[in-house]
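1. The amino acid sequence is not available; the structure is as follows:
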DNA sequence: CTAGATTTCTTAGAGGCATTAAGGAAGCAT
DNA sequence: ATGCTTCCTTAATGCCTCTAAGAAATCTAG
């Protein structure tokens, strides 16, 4: 085990890891998912194939680690957009975070593709994987903002009794899973918004909208207006 | 060239093609996308590797052909759901087609995964490919139903002037692309519905909703109610 | 300071995949 | 019957993942 994390050994190792991630990303962006092979990445870094197995147990783990990077970078972009508006109403910050999400997704389509459709879905589902941790932090961002919005400016929620029982049960469970930060009704609104937003981005990046749209930006803005309406956000609606 | 399509030669060839498709699908369903290799499929069929190149030019073309099958099967399921209700109002048939779409998607998750995220996206984009043809037919189904609905029971459409110019332009272009079967405002409503419906299915099949939902069915039903509202459908609202 | 343990990297190699090349056997048409 | 086409085979290339065995560099502890 490396004694102190700041040791020379550890620093070199981290530098190599960074190089590996950069190489993998370069291959992904320039030549597509299939080009990210253990051998190709190693070659790019200047080592010979098997050397890479001293850093990752195999192809899947490498992909998972790089995907975790993408999650972190996306999350950072959203948080930065938020923090840059720390003095604005939370609704505006929420919208800014959503825009930052799409901005990152559209400027990094290959990376975003790995985020929701990693070439290796199954193995990276272990909750302890870096990928999963990073994904959680990402998902947390909009939830936190929605919670803050709910606390400062509660938005209208549907009558729980109006929901079919099977949906109500799951919404109640989710509300409990987030420690009741949002009551079931508000959780339902949040989930609906998340589905619309993320679903639209998925379709855009998977090129499922090309048949009708060359520029999805106004569609996304329309989606944001819907979300704003559902969440009771009007521009500049501060406390 | 085979003289008459019904010749013995052609029949044998077709039987082999069917066997190949079945083998590829079996591998996909039982062992995942990565298991569908030229060699594995050939082995399953009982030929040795390169023999398969007499049927498809390569791995990509094979995947494209099988994916086209999936499109056709999905389209057939939707059309069957529709035709079984030939005497009901078009709105009900539209909803039935949507339910059939999700039913097929959830009972065939691996196959549906290839429909919107084929492992080989780029090459199969050629408009003459079987995959593209089948995709068009699939997309046509809900459009046709919406057109029929629009003609018999026009639904409310937004004021075109209320849309931002960049969105209006694209909606107008799409309206023209479908030969004006729907005017731009109605086309916009159709596209919004399509995005919500298909986006939700994408997220479900890509397991992006697992963090909150174990059963997406009521969420889908809720989405259908939204669509019904947007399209002015109430159950049993016949001519 | 030095000797063992650890880390990092190398080459060799097994086994699989995509694909091409070359050729044999079988069916079909004249 | 003979030649053309179709279907399939084996051989071979070059890529991939991953394991094994070992050399060199580095750290740690006596």
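-> Yep, that arrived. Predicted model, so just to flag it, every value in this text is computed and none were measured.

2. Tell me who's in contact with the residue lying closest to residue A:213 once chain neighbours are set aside.
-> Once flanking residues are discounted, residue A:213 sits nearest to residue B:170: 5.4 Å by CB to CB, 6 or more residues apart in numbering or on different chains. Using the backbone N, CA and C atoms, a C-beta is placed for each residue, glycine as well. Shown in contact with residue B:170 (CB atoms under 8 Å, 6 or more residues apart in numbering or on different chains): A:212-215, A:218.

3. Now do the SS call for residue B:170.
-> Classification of residue B:170 using DSSP: H, G, I helix; E, B strand; the rest coil returns helix.

4. what do you get for residue A:234?
-> Following three-state DSSP, the label given to residue A:234 is coil.

5. Residue A:153 is in contact with that one, correct?
-> No. Counting by CB atoms under 8 Å, residue A:234 sits too far from residue A:153 to count as a contact (10.3 Å).

6. still on that earlier bit, hmm, which of the contacts of residue B:170 are the buried ones?
-> Neighbour-count burial (16 or more other CB atoms under 10 Å in any protein chain shown) applied to these gives A:212-213, A:218.

7. Out of those, the closest to DNA strand D would be?
-> Using CB to the nearest atom of the strand, residue A:213 comes nearest to DNA strand D of the buried ones among the contacts of residue B:170, at 35.1 Å.

8. quick one: contacts for the closest one?
-> Here residue A:213 is in contact with A:219, B:170, B:174, B:191 (CB under 8 Å, 6+ apart).

9. secondary structure element for the residue most central in space within chain A?
-> Geometric centre of chain A, nearest residue: residue A:138, 4.4 Å, by CA atoms, centre = their mean. Of the helices and strands defined by DSSP states H and E, residue A:138 is found in helix A:130-152.

10. what does that helix rub up against?
-> Contacts of helix A:130-152 (CB under 8 Å, 6+ apart): A:64-65, A:67-69, A:71-72, A:74-75, A:78-79, A:82, A:90-91, A:93-94, A:97-98, A:115, A:118, A:124-126, A:155, A:178, A:181-182, A:186, A:190, A:193-194, A:197, A:231, A:233, A:239, B:211.

11. residues touching residue A:117, list them.
-> Residue A:117 makes contact with A:206, B:117, B:206, according to CB under 8 Å, 6+ apart.

12. which non-adjacent residue is nearest whichever residue of chain A sits closest to chain B?
-> Proximity of chain A to chain B (CB to the nearest CB) peaks at residue A:199, 2.8 Å away. In space, and not counting its chain neighbours, residue A:199 is closest to residue B:199: 2.8 Å by CB to CB, 6+ apart.

13. circling back: for the contacts of residue A:213, which one is nearest DNA strand D?
-> Distance to DNA strand D across the contacts of residue A:213 (CB to the nearest atom of the strand) is lowest for residue A:219, with 36.8 Å.

14. Report how many residues lie close to the closest one.
-> Per other CB atoms under 10 Å in any protein chain shown, the neighbour tally for residue A:219 reads 23.

15. Which element, helix or strand, includes it?
-> Assigned by DSSP H and E, residue A:219 falls in helix A:217-230.

16. chain center to that helix, what's the gap?
-> Helix A:217-230 sits 19 Å away from the centroid of its parent chain (CA atoms, centre = their mean, to the nearest Å).

17. And for residue A:202, nearest residue in space, chain neighbours not counted?
-> Per CB to CB, 6+ apart, closest to residue A:202 is residue B:202, 5.0 Å.

18. Just the pLDDT for residue A:117.
-> Residue A:117 carries a pLDDT value of 81.

19. Tell me where the model's unsure across chain A.
-> By pLDDT under 70, the low-scoring segments of chain A are A:1-6, A:119-125, A:235-239.

20. where does it come near chain B, residue by residue?
-> Proximity of chain A to chain B (CB under 8 Å from any CB of the partner chain) is limited to residues A:32, A:116-117, A:121-122, A:139, A:163-164, A:166-167, A:170, A:174, A:177, A:191-192, A:195-196, A:198-200, A:202-203, A:206-209, A:211-215, A:217-219, A:221-222.

21. sorry, back to before: please list only the buried members of the contacts of helix A:130-152.
-> Here, 16+ other CB under 10 Å leaves A:64-65, A:67-69, A:71-72, A:74-75, A:78-79, A:82, A:90-91, A:93-94, A:97-98, A:115, A:118, A:124, A:155, A:181-182, A:186, A:190, A:193-194, A:197, A:231, A:233 buried among those.

22. From those, which land in helices?
-> A:64-65, A:67-69, A:71-72, A:74-75, A:78-79, A:82, A:90-91, A:93-94, A:97-98, A:115, A:186, A:190, A:193-194, A:197 (DSSP state H).

23. Great, nothing more from me.
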